[in-house]
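# Below is the sequence, then the predicted model.
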Amino acid sequence: MQQHANRHRNASGSSNDRSSPPANEVSQWLTSAPLYSYFRVNTLKITPLEVMTSINEQISNLKRLKNNKKEQHLVRVHKHLSDCIVISPMDKSLLDLSHKNEEVIVDIPTGQSALRGSHIFAPGIMAMAPEVQVDSFISVYADLAKGCKRGYQKYYDNPMKMFVGNGIAKMNRRQLFNGDINPKGIAVEMTDPVTGIPSFKLPDEYGMLQNLPSIVTGYALDVNENNLKVLDMCAAPGNKTTHIATLMNNKGSIDAIDKSKIKLKKVELRCNNFGIQNVKIHHFDSLISLDTNNINNNDDRPPFKNESFDRVLLDAPCSNLGQRPLLNIQVDKNLIKSFPALQRKLLINAVDLVKPGGILVYSTCTITLEENEHNVAWVLEKFPQMELIEINSEIGSPGIATQVGLNENLCKLVRRFGPENAEEDSIGFFISKFQKKVK
Ligand SMILES: C[S@@+](CC[C@H](N)C(=O)[O-])C[C@H]1O[C@@H](n2cnc3c(N)ncnc32)[C@H](O)[C@@H]1O
């Protein structure tokens, strides 16, 4: 019996459903980088056309493309999202992906970012060959074995170093490892990443690289009306807060809560860069964001009164099994199992804080059924005042139906981003949208 159950178990964490992709397909998908990158334009300061022109200029100046006769159309505005620019990968036949003698070793997060089109920043470099000069053309490897000590002097020979592409050194070994001060800034400009995703640099105020489903989440909150009162319960580092504020055109108000003080600094910085003025930042625990004992007379800060908000976003802490590429997937089963309980506690507060007629969006950047469809089914069962409503988006797929989760019809109302989403190859993600019934 056990054997039978395991055969049908899949990486989404469930048995008995036939629509989840098999585990090997999921792990292959998780370890690879999404095909496209997306830049969400800060429309408070600049138009998508201006940003597109600027990205286009930088990309067409890349050496690989400049010397090539084939015309490439790598940059376009998303057909459904007017503030989202889609950047396609470069034609791989134009890239120089031969392994160079001179190399640098980077840590796993830096390797993952390079696969998504980032340059290599100094703090991510573990080792650099002594012969590397500024402007040398070098190979970059991610140390999947985590065996390379920072500043390692010899050639790092390990079968678990993964080639992520080639680039031009902008610092040498001495600048990286001999100084007293930790170096910052770009140490290698990636010109030929194995994924072909081009790198570019724009002023911070123009907007930010953001995953497609995160952009869809901002739209799902429906903030077109004037003077809405919005609560973002898990806001840092502010990707969605800044998008929602932009969609609100700086009108109304957003209370942005997070329990991480350090990460809230990023929310503040982004809001300042983007020219956002309608966000109030609170270092607080959203598990106690509801004023159950009526102790707070100030509605400018948490805990907030019952039914205070027109819109609530709960972009919940989760198992993160969607953040591609995950070059070393380490599944701590006990940690993963702990998330649904935390998410449900946050959902209880979210339900209480939204006004009748108001909207609650619940999202995660993971693909497990327990943190997604099962939590949605739990809300519907526990809170009859909450109705699951459609997300008007053609992007993403319906949810996965199971006996303990959502049925086929309810699955059509949610958006799931996983290996089944071949067309808009993105990170793993889940979005659901509820409306509180008017009494
Ligand atoms: C998925 S991230 C949010 C990402 C963010 N919405 C964005 O788009 O940039 C989850 C966040 O929840 C925060 N968090 C976890 N538990 C929390 C709690 N009890 N109260 C408030 N924030 C919490 C974490 O610090 C983390 O920043």
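Yes, it's here.
# hey, let's count contacts and neighbours off CA atoms from now on
Will do.
# now the nearest residue to residue 393 once chain neighbours are set aside: how far from the ligand?
Leaving out its chain neighbours, the residue that sits closest to residue 393 by Cα to Cα, 6 or more residues apart in numbering is residue 216, at 7.5 Å. In this view, residue 216 and the ligand are 11 Å apart by Cα to the nearest ligand atom, to the nearest Å.
# Same question for residue 260.
Distance from residue 260 to the ligand, counting by Cα to the nearest ligand atom: 5 Å.
# Measure how buried the nearest residue to that residue once chain neighbours are set aside is and give me the count.
Nearest residue to residue 260, sequence neighbours excluded (Cα to Cα, 6+ apart): residue 283, at 6.9 Å. The tally of other residues near residue 283 (other Cα atoms under 10 Å) stands at 16.
# element containing the residue nearest to residue 393, please.
Per DSSP states H and E: residue 216 is located in helix 212-220.
# For that helix, enumerate the helices and strands it packs against.
helix 239-247, strand 354-364, strand 429-436 (3 or more Cα pairs under 8 Å, 6 or more residues apart in numbering; DSSP states H and E).
# Only alpha carbons, please: show the last one as CSV.
Looking back up the chat, that one is strand 429-436. Extracted in CSV, the C-alpha atoms of strand 429-436 (Å, rounded to 0.1, in the frame of the first residue of the first chain):
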residue,chain,number,x,y,z
PHE,A,429,3.9,30.9,-7.8
PHE,A,430,0.3,30.8,-6.7
ILE,A,431,-2.3,33.5,-6.5
SER,A,432,-5.8,33.4,-5.1
LYS,A,433,-8.4,36.2,-4.6
PHE,A,434,-11.3,36.4,-2.1
GLN,A,435,-14.1,38.9,-1.6
LYS,A,436,-15.7,39.3,1.7
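# Identify the residues contacting that strand?
Residues outside strand 429-436 that contact it (Cα atoms under 8 Å, 6 or more residues apart in numbering): 213, 217, 220-221, 322, 351, 354-367, 372, 376, 385-391, 413-418.
# before we move on, what about stretch 391-408?
Outside stretch 391-408, the residues that reach it (Cα under 8 Å, 6+ apart) are 16-17, 19-20, 80, 213, 216, 220, 369, 373-378, 411-417, 420-421, 424, 432-433.
# Out of these, which sit inside helices?
In helices, defined here by DSSP state H, the members of those are 213, 216, 220, 373-378, 411.
# Could you single out the nearest of those to residue 30?
Distance to residue 30 across the ones in helices among the contacts of stretch 391-408 (Cα to Cα) is lowest for residue 213, with 15.6 Å.
# Report pLDDT for the nearest residue to that closest one once chain neighbours are set aside.
With Cα to Cα, 6+ apart as the criterion, residue 213 has its nearest non-adjacent residue at 6.4 Å, and that residue is residue 429. Reported pLDDT at residue 429 in the predicted model: 97.
# Let me know how buried residue 429 is, in neighbour terms.
By other Cα under 10 Å, the residues close to residue 429 number 26.
# roughly how far apart are it and residue 316?
As judged by Cα to Cα, to the nearest Å, residue 429 and residue 316 stand 11 Å apart.
# Show me whatever sits in contact with both of these two.
Contact criterion Cα under 8 Å, 6+ apart; residues shared by residue 429 and residue 316: 363-364.
# Just the buried ones from the contacts of stretch 391-408, in PyMOL syntax?
Those of the contacts of stretch 391-408 that count as buried under 16 or more other Cα atoms under 10 Å are selected in PyMOL with:
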select buried, resi 20+213+216+220+369+373+374+375+376+377+378+411+412+413+414+415+416+417+420+424+432+433
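# and the helix holding residue 216 with strand 354-364, angle?
With axes from the mean of the first three to the mean of the last three Cα atoms, to 10 degrees as the basis, helix 212-220 and strand 354-364 are set at 170 degrees to each other.
# any low-confidence regions in the stretch 101-250 of the chain?
Scanning the stretch 101-250 of the chain for pLDDT under 70 picks out the ranges 180.
# residues from it in reach of the ligand?
Counting by Cα under 6 Å from any ligand atom, the stretch 101-250 of the chain comes close to the ligand at 233-240.
# Which residue would be the closest one in the stretch 1-150 of the chain to the ligand?
Closest residue of the stretch 1-150 of the chain to the ligand, Cα to the nearest ligand atom: residue 40 (12.4 Å).
# Name the next helix or strand downstream of the helix or strand where that residue lies, please.
In the assignment (DSSP H and E), residue 40 maps to strand 37-41. Downstream of strand 37-41, the next assigned helix or strand under DSSP H and E is helix 48-60.
# Dump the helix holding residue 216 to CSV, keeping only the CA atoms.
The C-alpha trace of helix 212-220 is given here as CSV (Å, rounded to 0.1, in the frame of the first residue of the first chain):
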residue,chain,number,x,y,z
LEU,A,212,6.0,37.9,-13.9
PRO,A,213,3.6,36.3,-11.3
SER,A,214,4.5,38.9,-8.7
ILE,A,215,3.5,41.6,-11.3
VAL,A,216,0.2,39.7,-11.8
THR,A,217,-0.4,39.7,-8.0
GLY,A,218,-0.2,43.5,-7.9
TYR,A,219,-2.9,43.7,-10.6
ALA,A,220,-5.1,41.0,-8.9
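# dump the residue contacts of the residue in the stretch 301-439 of the chain that the ligand sits nearest to.
Taking Cα to the nearest ligand atom as the measure, the point where the stretch 301-439 of the chain comes nearest the ligand is residue 317, at 4.1 Å. By Cα under 8 Å, 6+ apart, residue 317 lies in contact with 234, 339, 343, 364.
# and what of residue 412?
Residues near residue 412 by Cα under 8 Å, 6+ apart: 390, 398-399.
# 6 Å - rerun?
With contact taken as Cα atoms under 6 Å, 6 or more residues apart in numbering, residue 412 is in contact with residue 398.
# thinking again about what came up before, correct me if wrong: the residue nearest to residue 260 contacts residue 262.
No. The pair residue 283 and residue 262 does not pass the contact test of Cα atoms under 6 Å, sitting 9.6 Å apart.
# how about the strands in the stretch 151-300 of the chain?
Per DSSP state E, counting those that start in this stretch, the stretch 151-300 of the chain carries strands over the ranges 161-169, 186-193, 207-209, 229-232, 253-258, 279-283.
# What are the buried residues along the third one?
Along strand 207-209, the positions that meet the burial threshold by neighbour count (16+ other Cα under 10 Å) are 207-208.
# Packing partners of it?
When contacts are defined as 3 or more Cα pairs under 6 Å, 6 or more residues apart in numbering; DSSP states H and E, strand 207-209 packs onto strand 37-41.
# And the strand it packs on, how far out from the chain middle?
Here strand 37-41 is found 12 Å from its chain centre; the criterion is Cα atoms, centre = their mean, to the nearest Å.
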